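Student: Based on what follows, work out the 3D shape:
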Amino acid sequence: MKKFIFEIVLLFLIVTITINYINNLDKPPRVNKILNINENLDIINLGTSHGANFNYATLSIHGESFNRAGNTLYYDLQNYKFIKNHLTDGAILLLPISYFSFGLDENRTDRGVVNPFVNDFYEYLPRKSIYSYSEKRAVSLKINRIQKNFRNLFPEKKKIKKKKKKSVLDTVSHEEMLKSFAIKRVVHHKKIGTYSNPDKNINYLKTLIDDAKQSGYHPVLITTPYYIEYAERFGADWLTKNYYQYITLISAQNNIPYLDYGNDNRISSIPELFKNSDHLNKKGIAVFNEILFDDLVKLGLISVDDVIKKKEQIKIIGLEK
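Tutor: Presented below is the predicted three-dimensional model:
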């Protein structure tokens, strides 16, 4: 009898260990990144996909981006709480706020009540930090992850994709593409920018800033560069009502810097610096970061010695002086 019980317990342990191993075998890159922070960070940024415009490679201090496409201010706050113990004393917290940020719902229900937006957060945030936490969803995601990772242990042969023939759209100029993209993006971003009541998002951002300041960190509000067509199509009235009145007030009330590059002629008027209407390409990121780091030096947040000109990197992206 004792042998039988021992074998049952052993089998249970083996199955449990195997399931946990498979479950953790291949987490999404965003999740792995946030779960595997192994050094103290001097400068970080949060934000939406516009947070991908930061590159700390030319700084001697340690920096990392923790942005996520379409992220909400609620989950910026939760991610900050998760990351904050990895920040050095006096760390800089860059907060890029997109034109649509104040109108987003916590769980992005503009995409539907049940949507994959929150899935990654179930992988690492405590349940109290997940808005409208669902035990059913947590179990379902774990089962799906195990099934997916198990299938990945036996990968199928990839089919060779045939190259698509160039269409008429491939022949349009880069500038025309940026303008066309801007029209669609602005319509969508205006819609989600007024989807939800801004008051709660303002409070989430203020809570984040208050905690950062009390912890000795240095929060900085930022509007990242947009192509001129994108910035102008929002219209001054819409931006004032749904964006600038909030971000400028938060900056003033909390006595923190606000750096606005949204329609900065040094970047916004140069099509060659943009991948699409509201995201910089590699060359644009380098130009923007050089301007940004210079402004951080002027604010006294980093020193001139913190900024390293890496000539080899500058050569690669075609910015040799």
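
Student: how about the helices in this structure?
Tutor: In the chain, the helices defined using DSSP state H lie at 2-23, 29-35, 73-83, 135-152, 174-192, 198-214, 228-234, 236-239, 245-254, 265-268, 282-298, 311-316.

Student: could I have the third one exported to PDB, CA atoms only?
Tutor: Put plainly, it is helix 73-83. Provided in PDB are the C-alpha atoms of helix 73-83 (Å, rounded to 0.1, in the frame of the first residue of the first chain):
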ATOM      1  CA  LEU A  73      -2.300  54.200 -18.600                       C
ATOM      2  CA  TYR A  74      -3.800  51.700 -16.100                       C
ATOM      3  CA  TYR A  75      -1.300  49.000 -17.200                       C
ATOM      4  CA  ASP A  76       1.500  51.600 -17.400                       C
ATOM      5  CA  LEU A  77       0.900  52.100 -13.700                       C
ATOM      6  CA  GLN A  78       0.800  48.300 -13.000                       C
ATOM      7  CA  ASN A  79       4.000  47.700 -15.000                       C
ATOM      8  CA  TYR A  80       5.700  50.500 -13.200                       C
ATOM      9  CA  LYS A  81       4.800  48.900  -9.800                       C
ATOM     10  CA  PHE A  82       6.200  45.600 -11.000                       C
ATOM     11  CA  ILE A  83       9.400  47.200 -12.300                       C
END
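
Student: Now do it: distance to the chain's middle.
Tutor: Relative to the chain's own centre, helix 73-83 is displaced by 11 Å; criterion: CA atoms, centre = their mean, to the nearest Å.

Student: Which secondary structure elements does it sit against?
Tutor: helix 29-35, helix 198-214 (3 or more CB pairs under 8 Å, 6 or more residues apart in numbering; DSSP states H and E). For glycine as for every other residue, the C-beta is placed from the backbone atoms N, C-alpha and C.

Student: which one of the ones you listed is the most hemmed in?
Tutor: helix 198-214 (a mean of 17; mean count of other CB atoms under 10 Å).

Student: angle of it against helix 73-83?
Tutor: Between helix 198-214 and helix 73-83, the angle formed by their directions is 20 degrees, by axes from the mean of the first three to the mean of the last three CA atoms, to 10 degrees.
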